[in-house]
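A.B. asks: Let's see this in three dimensions:
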Amino acid sequence: MKLNDRFWKSLIRQQFVTMALLVTLTSNVSADAISDLTAFLNSHEISAVAEQDFANVKLSKSDAERAIAVLKKKRLETVRSNSKEELNAGELKLGELRMPIWFKAYGEAPANGHSLFISMHGGGNAPKRVNDRQWENQKQLYEPSEGVYVAPRAPTDTWNLWHQGHIDQFYDRLIEIMVATQNVNPDRVYIMGYSAGGDGVFQLAPRMADRLAAAAMMAGHPNETKPDGLRNIGFALFMGGKDAAYKRNEVAADWKEKLAELRKQDPEGYEHEVTIFPEFGHWMQRKDAVGVPWMAKFKRKNWPMKIVWLQDDVTHDRFYWLQLPENEVKSRQRIVATCDGKDLTVSGEVKSITLLLNDDLVNLDEPIVVTLNGKKQKAASVQRTIGVIAKSVDRYGAARPVPTAMLEVVAD
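C.D. replies: Residues are numbered from 1 along each chain as shown. Modelled structure (predicted):
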(Lines give C-alpha, C1' and ligand atoms only; values in the text may rest on other atoms or scores of the structure.)
Protein backbone atom coordinates (compact mmCIF):
# COMPACT_ATOMS: atom_id res chain seq x y z
CA MET A 1 0.00 0.00 0.00
CA LYS A 2 1.33 3.42 -0.89
CA LEU A 3 2.01 5.97 1.84
CA ASN A 4 -0.55 8.39 0.39
CA ASP A 5 -3.24 5.71 0.46
CA ARG A 6 -2.55 4.97 4.13
CA PHE A 7 -2.59 8.68 4.92
CA TRP A 8 -5.96 9.32 3.30
CA LYS A 9 -7.54 6.23 4.84
CA SER A 10 -6.26 7.27 8.25
CA LEU A 11 -7.61 10.78 7.75
CA ILE A 12 -11.02 9.48 6.72
CA ARG A 13 -11.14 7.21 9.80
CA GLN A 14 -10.30 10.18 12.02
CA GLN A 15 -13.07 12.23 10.42
CA PHE A 16 -15.59 9.46 11.03
CA VAL A 17 -14.49 9.21 14.66
CA THR A 18 -14.78 12.98 15.05
CA MET A 19 -18.26 12.99 13.51
CA ALA A 20 -19.34 10.15 15.79
CA LEU A 21 -18.08 12.06 18.82
CA LEU A 22 -19.96 15.17 17.71
CA VAL A 23 -23.17 13.19 17.27
CA THR A 24 -22.71 11.66 20.73
CA LEU A 25 -22.02 15.03 22.33
CA THR A 26 -25.02 16.60 20.59
CA SER A 27 -27.21 13.70 21.68
CA ASN A 28 -26.01 14.06 25.27
CA VAL A 29 -26.69 17.81 25.28
CA SER A 30 -30.17 17.19 23.88
CA ALA A 31 -30.94 14.53 26.51
CA ASP A 32 -29.54 16.75 29.26
CA ALA A 33 -31.94 19.51 28.20
CA ILE A 34 -34.89 17.16 28.77
CA SER A 35 -33.56 16.32 32.23
CA ASP A 36 -33.21 20.03 32.99
CA LEU A 37 -36.77 20.64 31.77
CA THR A 38 -38.21 17.88 33.95
CA ALA A 39 -36.40 19.19 37.02
CA PHE A 40 -37.42 22.78 36.29
CA LEU A 41 -41.11 21.90 36.03
CA ASN A 42 -41.08 20.42 39.52
CA SER A 43 -41.11 23.96 40.91
CA HIS A 44 -42.00 26.27 38.00
CA GLU A 45 -44.80 26.87 35.52
CA ILE A 46 -44.61 26.32 31.76
CA SER A 47 -44.76 30.06 31.10
CA ALA A 48 -41.22 30.43 32.53
CA VAL A 49 -39.63 27.63 30.48
CA ALA A 50 -38.78 29.60 27.32
CA GLU A 51 -36.53 31.96 29.29
CA GLN A 52 -34.20 29.19 30.44
CA ASP A 53 -30.90 28.34 28.72
CA PHE A 54 -31.90 24.72 28.15
CA ALA A 55 -34.91 25.95 26.13
CA ASN A 56 -32.58 26.98 23.29
CA VAL A 57 -30.66 23.71 23.00
CA LYS A 58 -31.01 21.91 19.67
CA LEU A 59 -33.02 18.72 20.23
CA SER A 60 -32.99 15.40 18.45
CA LYS A 61 -36.29 14.22 17.00
CA SER A 62 -36.79 11.69 19.79
CA ASP A 63 -35.95 14.20 22.53
CA ALA A 64 -38.36 16.71 20.99
CA GLU A 65 -41.10 14.09 21.31
CA ARG A 66 -40.08 13.55 24.93
CA ALA A 67 -40.26 17.29 25.58
CA ILE A 68 -43.78 17.42 24.14
CA ALA A 69 -44.86 14.58 26.44
CA VAL A 70 -43.31 16.24 29.52
CA LEU A 71 -44.86 19.64 28.82
CA LYS A 72 -48.28 18.23 27.93
CA LYS A 73 -48.31 16.22 31.13
CA LYS A 74 -47.55 19.35 33.17
CA ARG A 75 -50.17 21.38 31.32
CA LEU A 76 -52.90 18.77 31.79
CA GLU A 77 -52.08 18.44 35.48
CA THR A 78 -52.54 22.20 35.81
CA VAL A 79 -55.80 22.17 33.84
CA ARG A 80 -57.10 19.28 35.93
CA SER A 81 -56.39 21.15 39.14
CA ASN A 82 -57.70 24.52 37.95
CA SER A 83 -60.97 23.15 36.51
CA LYS A 84 -62.19 21.24 39.58
CA GLU A 85 -64.37 24.07 40.85
CA GLU A 86 -65.97 24.67 37.46
CA LEU A 87 -66.68 20.98 36.87
CA ASN A 88 -68.20 20.62 40.32
CA ALA A 89 -70.40 23.65 39.62
CA GLY A 90 -71.29 22.34 36.16
CA GLU A 91 -70.35 25.52 34.32
CA LEU A 92 -67.32 27.09 32.69
CA LYS A 93 -66.35 30.71 33.27
CA LEU A 94 -64.96 33.29 30.86
CA GLY A 95 -64.90 36.77 32.34
CA GLU A 96 -68.50 37.62 33.24
CA LEU A 97 -69.90 34.88 30.99
CA ARG A 98 -70.97 31.44 32.16
CA MET A 99 -71.50 28.31 30.04
CA PRO A 100 -73.30 25.50 31.91
CA ILE A 101 -72.37 22.01 30.74
CA TRP A 102 -73.89 18.55 31.06
CA PHE A 103 -71.94 15.49 30.03
CA LYS A 104 -72.15 11.73 30.09
CA ALA A 105 -69.72 8.99 29.04
CA TYR A 106 -70.95 6.14 26.84
CA GLY A 107 -69.23 2.81 26.25
CA GLU A 108 -65.72 1.79 27.20
CA ALA A 109 -62.85 4.11 26.38
CA PRO A 110 -60.46 2.81 23.71
CA ALA A 111 -56.78 2.52 24.63
CA ASN A 112 -56.07 6.03 23.35
CA GLY A 113 -59.04 7.65 25.09
CA HIS A 114 -62.70 8.53 24.58
CA SER A 115 -64.15 10.42 21.65
CA LEU A 116 -65.74 13.79 22.48
CA PHE A 117 -69.07 14.95 21.05
CA ILE A 118 -70.06 18.58 21.70
CA SER A 119 -73.78 18.95 20.99
CA MET A 120 -75.36 22.42 20.66
CA HIS A 121 -79.02 23.10 21.39
CA GLY A 122 -81.48 25.15 19.37
CA GLY A 123 -83.47 28.21 20.36
CA GLY A 124 -81.63 31.45 19.91
CA ASN A 125 -83.30 34.83 20.14
CA ALA A 126 -85.84 33.69 22.72
CA PRO A 127 -86.57 33.95 26.46
CA LYS A 128 -84.21 32.11 28.77
CA ARG A 129 -86.82 29.48 29.63
CA VAL A 130 -87.15 28.55 25.94
CA ASN A 131 -83.41 28.09 25.49
CA ASP A 132 -83.23 26.17 28.77
CA ARG A 133 -85.89 23.80 27.47
CA GLN A 134 -83.96 23.35 24.22
CA TRP A 135 -80.84 22.55 26.24
CA GLU A 136 -82.69 19.86 28.21
CA ASN A 137 -83.88 18.35 24.94
CA GLN A 138 -80.35 18.33 23.48
CA LYS A 139 -79.04 16.29 26.41
CA GLN A 140 -81.06 13.28 25.26
CA LEU A 141 -81.21 13.91 21.52
CA TYR A 142 -78.20 11.80 20.52
CA GLU A 143 -76.36 8.87 22.06
CA PRO A 144 -72.96 7.76 20.74
CA SER A 145 -71.98 4.11 21.12
CA GLU A 146 -68.70 5.34 22.60
CA GLY A 147 -67.54 8.72 23.79
CA VAL A 148 -68.12 11.61 26.14
CA TYR A 149 -71.27 13.46 25.07
CA VAL A 150 -71.30 17.10 26.19
CA ALA A 151 -74.35 19.33 25.91
CA PRO A 152 -73.38 22.91 26.78
CA ARG A 153 -75.94 25.61 27.48
CA ALA A 154 -75.18 28.75 25.45
CA PRO A 155 -73.85 31.64 27.56
CA THR A 156 -76.35 34.07 25.98
CA ASP A 157 -79.90 34.05 24.62
CA THR A 158 -79.12 35.93 21.41
CA TRP A 159 -79.91 34.83 17.85
CA ASN A 160 -76.22 34.06 17.26
CA LEU A 161 -75.76 32.34 20.61
CA TRP A 162 -73.42 29.65 19.21
CA HIS A 163 -71.11 31.61 16.95
CA GLN A 164 -70.05 34.70 18.84
CA GLY A 165 -66.33 35.05 19.50
CA HIS A 166 -66.48 33.84 23.09
CA ILE A 167 -67.73 30.42 21.94
CA ASP A 168 -64.36 29.65 20.34
CA GLN A 169 -62.62 30.48 23.63
CA PHE A 170 -65.09 28.43 25.66
CA TYR A 171 -64.65 25.44 23.36
CA ASP A 172 -60.87 25.57 23.49
CA ARG A 173 -61.17 25.40 27.27
CA LEU A 174 -63.89 22.75 27.20
CA ILE A 175 -61.92 20.45 24.92
CA GLU A 176 -58.76 20.73 27.00
CA ILE A 177 -60.66 20.19 30.25
CA MET A 178 -62.29 17.06 28.84
CA VAL A 179 -58.87 15.79 27.72
CA ALA A 180 -57.44 16.47 31.19
CA THR A 181 -60.30 15.09 33.28
CA GLN A 182 -62.36 12.65 31.19
CA ASN A 183 -59.70 10.69 29.30
CA VAL A 184 -60.67 12.26 25.98
CA ASN A 185 -58.55 11.73 22.87
CA PRO A 186 -57.96 15.21 21.37
CA ASP A 187 -57.75 13.69 17.90
CA ARG A 188 -61.39 12.55 18.13
CA VAL A 189 -63.34 15.71 18.86
CA TYR A 190 -66.65 16.32 17.05
CA ILE A 191 -69.19 19.14 17.10
CA MET A 192 -72.85 18.92 16.20
CA GLY A 193 -75.96 21.02 16.64
CA TYR A 194 -79.66 21.34 15.81
CA SER A 195 -81.43 24.46 14.50
CA ALA A 196 -79.63 27.42 16.11
CA GLY A 197 -77.06 24.83 17.19
CA GLY A 198 -76.70 23.95 13.52
CA ASP A 199 -76.06 27.63 12.80
CA GLY A 200 -73.17 27.31 15.22
CA VAL A 201 -71.78 24.24 13.45
CA PHE A 202 -71.90 26.03 10.09
CA GLN A 203 -69.79 28.87 11.55
CA LEU A 204 -67.51 27.08 14.00
CA ALA A 205 -66.51 24.05 11.94
CA PRO A 206 -64.63 25.98 9.21
CA ARG A 207 -62.90 28.39 11.57
CA MET A 208 -62.05 25.81 14.27
CA ALA A 209 -61.39 22.87 11.94
CA ASP A 210 -57.87 22.37 13.29
CA ARG A 211 -59.38 21.37 16.64
CA LEU A 212 -61.80 18.87 15.10
CA ALA A 213 -62.02 15.51 13.40
CA ALA A 214 -65.52 16.06 11.97
CA ALA A 215 -68.75 18.04 12.37
CA ALA A 216 -72.46 17.45 11.75
CA MET A 217 -74.96 20.22 11.05
CA MET A 218 -78.67 19.61 11.62
CA ALA A 219 -81.42 22.02 10.48
CA GLY A 220 -79.36 25.21 10.69
CA HIS A 221 -78.45 28.18 8.51
CA PRO A 222 -74.90 29.25 7.55
CA ASN A 223 -75.67 32.97 7.26
CA GLU A 224 -72.60 34.48 5.56
CA THR A 225 -70.07 31.71 6.21
CA LYS A 226 -68.39 29.61 3.50
CA PRO A 227 -67.16 25.98 3.52
CA ASP A 228 -63.55 26.56 2.40
CA GLY A 229 -62.00 25.82 5.82
CA LEU A 230 -63.61 22.36 5.99
CA ARG A 231 -60.94 20.86 3.74
CA ASN A 232 -59.36 18.55 6.33
CA ILE A 233 -62.37 17.40 8.38
CA GLY A 234 -65.46 15.36 7.72
CA PHE A 235 -68.62 17.45 7.39
CA ALA A 236 -72.20 16.14 7.43
CA LEU A 237 -75.32 18.20 6.69
CA PHE A 238 -78.89 17.10 7.43
CA MET A 239 -81.97 19.10 6.47
CA GLY A 240 -85.68 18.66 6.02
CA GLY A 241 -86.73 19.30 2.44
CA LYS A 242 -89.77 21.24 3.68
CA ASP A 243 -87.77 23.35 6.16
CA ALA A 244 -88.47 26.59 4.31
CA ALA A 245 -88.02 29.09 7.17
CA TYR A 246 -85.12 31.42 6.32
CA LYS A 247 -84.84 29.30 3.14
CA ARG A 248 -82.90 26.68 5.08
CA ASN A 249 -83.81 23.96 2.58
CA GLU A 250 -82.64 26.04 -0.38
CA VAL A 251 -79.40 26.97 1.32
CA ALA A 252 -78.75 23.33 2.21
CA ALA A 253 -79.17 22.36 -1.44
CA ASP A 254 -76.76 25.14 -2.38
CA TRP A 255 -74.19 23.88 0.13
CA LYS A 256 -74.57 20.38 -1.26
CA GLU A 257 -73.47 21.72 -4.64
CA LYS A 258 -70.66 23.79 -3.15
CA LEU A 259 -69.24 20.87 -1.18
CA ALA A 260 -69.45 18.57 -4.20
CA GLU A 261 -67.58 21.11 -6.33
CA LEU A 262 -64.89 21.58 -3.67
CA ARG A 263 -64.46 17.81 -3.48
CA LYS A 264 -64.25 17.58 -7.27
CA GLN A 265 -61.57 20.27 -7.45
CA ASP A 266 -59.66 18.85 -4.45
CA PRO A 267 -60.29 15.07 -4.22
CA GLU A 268 -58.00 14.65 -1.20
CA GLY A 269 -60.16 16.97 0.90
CA TYR A 270 -63.72 18.01 1.69
CA GLU A 271 -65.10 14.59 2.58
CA HIS A 272 -68.77 15.19 3.26
CA GLU A 273 -72.26 13.76 3.51
CA VAL A 274 -75.37 15.79 2.67
CA THR A 275 -78.84 14.34 3.29
CA ILE A 276 -82.00 16.34 2.60
CA PHE A 277 -85.11 14.44 3.73
CA PRO A 278 -87.89 15.47 1.32
CA GLU A 279 -90.71 14.43 3.69
CA PHE A 280 -89.58 16.44 6.74
CA GLY A 281 -89.80 20.03 7.84
CA HIS A 282 -87.67 21.46 10.64
CA TRP A 283 -87.97 18.33 12.80
CA MET A 284 -86.33 15.32 11.15
CA GLN A 285 -87.74 12.64 13.50
CA ARG A 286 -84.20 11.83 14.68
CA LYS A 287 -83.24 10.45 11.27
CA ASP A 288 -80.28 12.84 11.46
CA ALA A 289 -78.81 10.75 14.31
CA VAL A 290 -76.90 8.77 11.68
CA GLY A 291 -74.54 11.73 11.69
CA VAL A 292 -73.05 10.55 14.99
CA PRO A 293 -71.54 7.25 13.76
CA TRP A 294 -70.66 8.94 10.45
CA MET A 295 -68.50 11.48 12.29
CA ALA A 296 -66.96 8.85 14.54
CA LYS A 297 -65.01 7.27 11.68
CA PHE A 298 -62.88 10.42 11.35
CA LYS A 299 -59.65 11.24 13.16
CA ARG A 300 -58.15 14.73 13.24
CA LYS A 301 -55.45 15.50 10.67
CA ASN A 302 -52.81 17.20 12.78
CA TRP A 303 -50.29 18.03 10.05
CA PRO A 304 -52.20 18.10 6.75
CA MET A 305 -50.26 18.57 3.54
CA LYS A 306 -52.70 21.23 2.38
CA ILE A 307 -54.49 23.96 4.32
CA VAL A 308 -57.24 26.30 3.18
CA TRP A 309 -57.67 29.05 5.77
CA LEU A 310 -60.58 31.42 5.29
CA GLN A 311 -61.02 33.76 8.24
CA ASP A 312 -64.51 34.47 9.54
CA ASP A 313 -65.69 37.68 11.20
CA VAL A 314 -64.37 35.97 14.34
CA THR A 315 -60.66 35.61 13.57
CA HIS A 316 -57.81 33.42 14.81
CA ASP A 317 -54.04 33.80 14.73
CA ARG A 318 -53.39 30.09 14.15
CA PHE A 319 -54.79 27.44 11.85
CA TYR A 320 -53.06 24.04 11.74
CA TRP A 321 -49.34 24.82 11.10
CA LEU A 322 -49.83 28.45 10.10
CA GLN A 323 -49.51 31.33 12.57
CA LEU A 324 -50.04 35.02 11.86
CA PRO A 325 -48.64 38.04 13.69
CA GLU A 326 -51.37 40.20 15.19
CA ASN A 327 -51.06 42.90 12.53
CA GLU A 328 -51.59 40.35 9.73
CA VAL A 329 -54.89 38.92 11.03
CA LYS A 330 -57.85 40.12 8.95
CA SER A 331 -61.52 39.25 8.67
CA ARG A 332 -62.37 37.18 5.53
CA GLN A 333 -58.64 36.71 4.81
CA ARG A 334 -57.84 33.65 2.66
CA ILE A 335 -54.55 31.74 2.77
CA VAL A 336 -53.68 28.45 1.06
CA ALA A 337 -50.60 26.48 2.12
CA THR A 338 -49.17 23.21 0.85
CA CYS A 339 -46.29 20.91 1.76
CA ASP A 340 -44.73 18.18 -0.36
CA GLY A 341 -42.78 16.67 2.53
CA LYS A 342 -39.79 18.93 1.93
CA ASP A 343 -40.76 22.33 0.56
CA LEU A 344 -43.68 24.55 1.58
CA THR A 345 -45.76 27.00 -0.42
CA VAL A 346 -47.96 29.75 1.03
CA SER A 347 -50.17 32.11 -0.93
CA GLY A 348 -52.73 34.68 0.12
CA GLU A 349 -53.33 38.07 1.65
CA VAL A 350 -50.26 38.04 3.87
CA LYS A 351 -46.80 39.64 3.93
CA SER A 352 -45.37 37.70 6.86
CA ILE A 353 -46.26 34.40 8.45
CA THR A 354 -44.81 31.87 10.87
CA LEU A 355 -44.70 28.19 9.99
CA LEU A 356 -45.19 25.87 12.97
CA LEU A 357 -43.17 22.80 12.07
CA ASN A 358 -42.98 19.19 13.17
CA ASP A 359 -41.25 16.11 11.75
CA ASP A 360 -44.69 14.69 10.97
CA LEU A 361 -44.95 17.46 8.37
CA VAL A 362 -41.40 17.92 7.08
CA ASN A 363 -37.89 16.58 7.81
CA LEU A 364 -36.47 19.13 10.23
CA ASP A 365 -32.92 17.81 9.78
CA GLU A 366 -32.90 19.12 6.21
CA PRO A 367 -32.99 22.73 4.93
CA ILE A 368 -36.51 23.96 4.19
CA VAL A 369 -37.47 26.01 1.17
CA VAL A 370 -40.57 28.20 1.39
CA THR A 371 -42.32 29.96 -1.46
CA LEU A 372 -44.43 32.91 -0.31
CA ASN A 373 -46.83 34.40 -2.85
CA GLY A 374 -44.80 33.06 -5.76
CA LYS A 375 -41.37 34.13 -4.49
CA LYS A 376 -39.01 31.37 -3.40
CA GLN A 377 -37.16 32.15 -0.19
CA LYS A 378 -33.58 31.14 0.59
CA ALA A 379 -33.31 27.62 2.02
CA ALA A 380 -33.41 27.79 5.81
CA SER A 381 -32.37 25.41 8.56
CA VAL A 382 -34.44 25.17 11.73
CA GLN A 383 -33.87 23.72 15.20
CA ARG A 384 -36.16 21.70 17.39
CA THR A 385 -36.14 23.39 20.79
CA ILE A 386 -37.89 23.17 24.12
CA GLY A 387 -38.60 26.89 23.84
CA VAL A 388 -40.78 26.46 20.75
CA ILE A 389 -42.62 23.52 22.30
CA ALA A 390 -43.20 25.30 25.62
CA LYS A 391 -44.50 28.48 24.00
CA SER A 392 -47.00 26.47 21.96
CA VAL A 393 -48.26 24.42 24.91
CA ASP A 394 -48.50 27.54 27.08
CA ARG A 395 -50.36 29.55 24.44
CA TYR A 396 -52.52 26.97 22.70
CA GLY A 397 -52.83 24.21 25.28
CA ALA A 398 -52.21 20.47 25.28
CA ALA A 399 -55.15 19.49 23.07
CA ARG A 400 -53.72 21.01 19.89
CA PRO A 401 -50.83 19.70 17.76
CA VAL A 402 -47.48 20.90 19.09
CA PRO A 403 -44.71 22.19 16.80
CA THR A 404 -41.08 21.52 17.65
CA ALA A 405 -39.59 24.23 15.41
CA MET A 406 -40.69 27.52 13.88
CA LEU A 407 -39.79 29.42 10.72
CA GLU A 408 -40.75 33.05 10.20
CA VAL A 409 -41.23 34.00 6.57
CA VAL A 410 -41.36 37.60 5.36
CA ALA A 411 -42.08 38.67 1.79
CA ASP A 412 -39.19 40.41 0.02
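A.B. asks: Tell me which residues touch Pro155, please.
C.D. replies: 94, 97-99, 161, 166-167, 170 (C-beta atoms under 8 Å, 6 or more residues apart in numbering). In this view, the C-beta of every residue, glycine as well, is placed from N, C-alpha and C.
A.B. asks: try it again with 10 Å
C.D. replies: 91-100, 161-162, 164, 166-167, 170 (C-beta atoms under 10 Å, 6 or more residues apart in numbering).
A.B. asks: Give me the pLDDT value at it.
C.D. replies: With respect to pLDDT, Pro155 scores 98.
A.B. asks: For Ile191, see how far away it is.
C.D. replies: 16 Å (C-beta to C-beta, to the nearest Å).
A.B. asks: what do you get for Lys256?
C.D. replies: Taken as C-beta to C-beta, the span from Lys256 to Ile191 is 20 Å.
A.B. asks: between the two, which one's more packed in?
C.D. replies: Neighbour totals were compared for Lys256 and Ile191, and Ile191 leads with 28 against 17 (other C-beta atoms under 10 Å).
A.B. asks: How much space separates Phe298 from Ala215?
C.D. replies: Going from Phe298 to Ala215 by C-beta to C-beta gives 9 Å.
A.B. asks: What of Gly147?
C.D. replies: As judged by C-beta to C-beta, Gly147 and Ala215 stand 15 Å apart.
A.B. asks: same question, Gln52
C.D. replies: 40 Å.
A.B. asks: who has more neighbours, the two?
C.D. replies: Ala215 (29 against 17).
A.B. asks: Partner strands of the helix or strand hosting the more buried one, with direction?
C.D. replies: Assigned by DSSP states H and E, Ala215 belongs to strand 214-218. Strand 214-218 has the following strand partners under DSSP bridges: strand 184-194 (parallel), strand 234-240 (parallel).
A.B. asks: Report the rounded mean pLDDT for the first one.
C.D. replies: Translated: strand 184-194. For strand 184-194, the per-residue pLDDT averages 99.
A.B. asks: how's this protein carved up into domains?
C.D. replies: Domain ranges of the chain: 33-39+47-80+302-412, 84-296, per automatic domain parsing.
A.B. asks: looking at those domains, which is buried most?
C.D. replies: Compared across the domains of the chain, domain 84-296 shows the largest average neighbour count, a mean of 19 (mean count of other C-beta atoms under 10 Å).
A.B. asks: Quick one, grab the pLDDT at the residue nearest to Pro367 when sequence neighbours are not counted.
C.D. replies: Of all residues not flanking Pro367 in the chain, Ala379 sits nearest, at 4.0 Å (C-beta to C-beta, 6 or more residues apart in numbering). Ala379 carries a pLDDT value of 93.
A.B. asks: quick revisit: next step: the contacts of Pro155 restricted to strands.
C.D. replies: Within the contacts of Pro155, residues falling in strands by DSSP state E are 91-94, 97-100.
A.B. asks: now, the most widely separated pair of those residues?
C.D. replies: Maximum pairwise distance among the ones in strands among the contacts of Pro155 (C-beta to C-beta): 12.5 Å, between Leu94 and Pro100.
A.B. asks: mind showing which ranges of this structure have poor pLDDT?
C.D. replies: 1-27 (pLDDT under 70).
A.B. asks: now the helices for it?
C.D. replies: Secondary structure of the chain (DSSP state H): helices at 3-41, 61-82, 84-89, 128-141, 165-181, 196-207, 248-265, 291-296, 386-396.
A.B. asks: Now do the third one: which elements does it pack against?
C.D. replies: Looking back up the chat, that one is helix 84-89. The contact analysis (3 or more C-beta pairs under 10 Å, 6 or more residues apart in numbering; DSSP states H and E) places helix 84-89 against strand 91-94, strand 97-106, helix 165-181.
A.B. asks: Which of those sits closest to Ala33?
C.D. replies: Counting by C-beta to C-beta, Ala33 lies closest to helix 165-181 out of those; the figure is 25.7 Å.
A.B. asks: For that closest one, enumerate the helices and strands it packs against.
C.D. replies: Short answer (3+ C-beta pairs under 10 Å, 6+ apart): helix 165-181 packs on helix 61-82, helix 84-89, strand 91-94, strand 97-106, strand 114-120, strand 147-152, strand 184-194, helix 196-207.
A.B. asks: by how many degrees do the first one and strand 184-194 diverge?
C.D. replies: Okay, so that is helix 61-82. For helix 61-82 against strand 184-194, the angle by axes from the mean of the first three to the mean of the last three C-alpha atoms, to 10 degrees is 60 degrees.
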